[in-house]
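Student: Any chance you could fold what I've pasted below:
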Amino acid sequence: MDFFTDSEKQILINSKNIIVAYSGGADSTLALLSVTENAKLKPKVSALHINHKKSSLSDSWEKHCKDFCKQLDIKFLSKEVEVKEQGQGFEAAARNERRIIFESFSKGSTIILGHHADDQIETILFRIFRGTAIKGLSGMSRVTKYKNVVLVRPLLHLSKKEILQALNKEKVNFIFDQSNEDDKYSRNYIRNQIVPLVRERWASIDKNVNRMTRIVSDQNFLYEQLLRDKMSVVIDDKNLSIEKLKKYSSFLRSEIIRLWLSDRSFAVPNERQMKEIEKSFFESRQDSNPVIKFNRDDEQNSAVILSKVNNFLIAEKSNE
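Tutor: Numbers count the residues shown, from 1 in each chain. Presented below is the predicted three-dimensional model:
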């Protein structure tokens with residue numbers, strides 16, 4: 001089975017290191033096999049197992065992963081993390097811990113993730129339920145640049161059923177994490193309760209969602225190019241001219257600020273935070289010097305401090 005597109009193969013060839021996020025489950029097992037079947041890539045492939053210590057079986061899962069990597073003759077890396085929920089839920093907290101580990105890899109590294117077509121449906125529905133903007137409807141991309149590394153999702157075109165069939169055909173063992181059946185976690189609830197009902201009514205949901213994500217991705221690309229044209233008029237070095245921004249509508253202003261912050265890997269303000277920015281920097285007195293600090297609950301990007309200096313909007317990383 002050919003998992004990678006031609007452009008993705010070129011990314012792997014040019015990569016210094018290829019790290020497969022390997023939990024031992026079905027998805028990550030097939031993701032691992034997708035790169036190790038290439039003899040030329042194999043010497044620079046490592047499997048990364050993150051032990052969240054959330055189960056009494058965590059250590060035995062790690063041993064399974066280590067033994068399987070030994071069988072494949074590839075390097076095995078293990079990281080133990082303590083997941084602190086801090087009001088954001090286990091799923092989000094664990095995801096943040098994984099991001100921190102991904103960021104630790106050197107520039108030129110590629111990380112292979114086992115997300116598949118069913119995950120894409122869950123992601124889209126989860127974002128809709130949380131009130132996503134158009135960009136959120138584009139779902140997960142097959143290739144994403146994240147900090148110093150590149151994330152590649154070679155299984156995004158495959159359903160969970162197809163992944164299981166491929167592993168069973170090759171008689172490959174994998175781990176089953178029973179916590180995936182626990183519907184107290186939002187994504188599990190969507191996967192176990194909602195998607196089966198939707199699929200009963202609309203059997204082609206996988207194909208339709210995949211088509212929608214491609215269309216929305218193209219539309220987002222065009223929209224972003226138009227925003228960049230507008231942003232080029234108001235940006236000076238790394239800062240935004242408040243005076244020039246005031247000539248735009250409040251909506252266009254907010255979209256430019258979000259893009260500007262995203263480009264610099266800062267947290268992107270939600271609707272409530274954007275209203276505060278609008279009030280403080282564009283509706284306040286000319287001689288005021290507001291300062292706003294914010295982050296996002298998912299902590300995907302750095303917390304940011306916004307301030308006004310010489311009538312320019314300045315963004316600086318918050319270390320708190």
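Student: so after the host helix or strand of residue 244, what's the next helix or strand?
Tutor: Assessed by DSSP states H and E, residue 244 sits inside helix 242-245. Downstream of helix 242-245, the next assigned helix or strand under DSSP H and E is helix 250-263.
Student: by contact count, what packs against that next one?
Tutor: helix 205-234, strand 239-241, helix 242-245, helix 271-282, strand 312-317 (3 or more CB pairs under 8 Å, 6 or more residues apart in numbering; DSSP states H and E). Just so you know, the C-beta spots here come from the backbone N, C-alpha and C atoms, and that holds for glycine as well.
Student: Go ahead and measure how far the first one is from the middle of the chain.
Tutor: Offset of helix 205-234 from its chain centre (CA atoms, centre = their mean, to the nearest Å): 17 Å.
Student: picking that back up, would you turn the helices and strands packed on helix 250-263 into TSV with distance to residue 178?
Tutor: Conversion of these to TSV gives the following (distance: least, CB to CB, whole Å):
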stretch	distance to residue 178
helix 205-234	25
strand 239-241	50
helix 242-245	52
helix 271-282	38
strand 312-317	40
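Student: can I get those in JSON lines with distance to residue 38, mean neighbour count and mean pLDDT?
Tutor: Listed next are these as JSON lines, based on distance: least, CB to CB, whole Å; neighbours: other CB atoms under 10 Å; pLDDT from 0 to 100:
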{"stretch": "helix 205-234", "distance to residue 38": "25", "mean neighbour count": "14", "mean pLDDT": "94"}
{"stretch": "strand 239-241", "distance to residue 38": "45", "mean neighbour count": "18", "mean pLDDT": "97"}
{"stretch": "helix 242-245", "distance to residue 38": "49", "mean neighbour count": "17", "mean pLDDT": "96"}
{"stretch": "helix 271-282", "distance to residue 38": "45", "mean neighbour count": "15", "mean pLDDT": "93"}
{"stretch": "strand 312-317", "distance to residue 38": "39", "mean neighbour count": "17", "mean pLDDT": "92"}
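Student: From the contact counts, what lies against the helix holding residue 244?
Tutor: Using 3+ CB pairs under 8 Å, 6+ apart, helix 242-245 sits against helix 205-234, helix 250-263, helix 271-282, strand 312-317.
Student: picking up where we left off before, which of the helices and strands packed on helix 250-263 sits closest to residue 137?
Tutor: Set against residue 137 and scored by CB to CB, those come closest in helix 205-234, at 4.7 Å.
Student: Toward the C-terminus, what is the element adjacent to that closest one?
Tutor: With DSSP H and E, the next secondary element past helix 205-234 is strand 235-236.
Student: any weak-confidence spans in this structure?
Tutor: Within the chain, the stretches with pLDDT under 70 are 85-90, 296-301, 320.
Student: Generate JSON lines for the helices and strands packed on helix 242-245, with distance to residue 185 as supplementary columns.
Tutor: Converted to JSON lines, the helices and strands packed on helix 242-245 look like this (distance: least, CB to CB, whole Å):
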{"stretch": "helix 205-234", "distance to residue 185": "21"}
{"stretch": "helix 250-263", "distance to residue 185": "27"}
{"stretch": "helix 271-282", "distance to residue 185": "26"}
{"stretch": "strand 312-317", "distance to residue 185": "31"}
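Student: Okay, helices next: where are they in this structure?
Tutor: In the chain, the helices defined using DSSP state H lie at 6-14, 26-36, 58-72, 90-103, 117-130, 160-169, 186-189, 195-201, 205-234, 242-245, 250-263, 271-282.
Student: ok, the closest residue to residue 135 other than its chain neighbours - contacts?
Tutor: Residue nearest to residue 135 in three dimensions, not counting chain neighbours: residue 220, with 5.4 Å by CB to CB, 6 or more residues apart in numbering. Residue 220 is in contact with 134, 135, 138, counting by CB atoms under 8 Å, 6 or more residues apart in numbering.
Student: out of those, who's nearest residue 287?
Tutor: residue 135 (36.0 Å).
Student: As a quick check, tell me the outermost residue of this structure.
Tutor: Of all residues in the chain, residue 287 has its C-alpha farthest from the mean position, at 40.1 Å, by CA atoms, centre = their mean.
Student: ok, back up a step: what comes into contact with the helix holding residue 244?
Tutor: Contacts of helix 242-245 (CB under 8 Å, 6+ apart): 233, 234, 253, 256, 257, 281, 282, 308, 311, 312, 313.
Student: Including distance to residue 129, could these go into CSV?
Tutor: Putting the contacts of helix 242-245 into CSV (distance: CB to CB, whole Å) gives the following:
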residue, distance to residue 129
233, 37
234, 34
253, 28
256, 28
257, 26
281, 31
282, 31
308, 36
311, 40
312, 38
313, 32
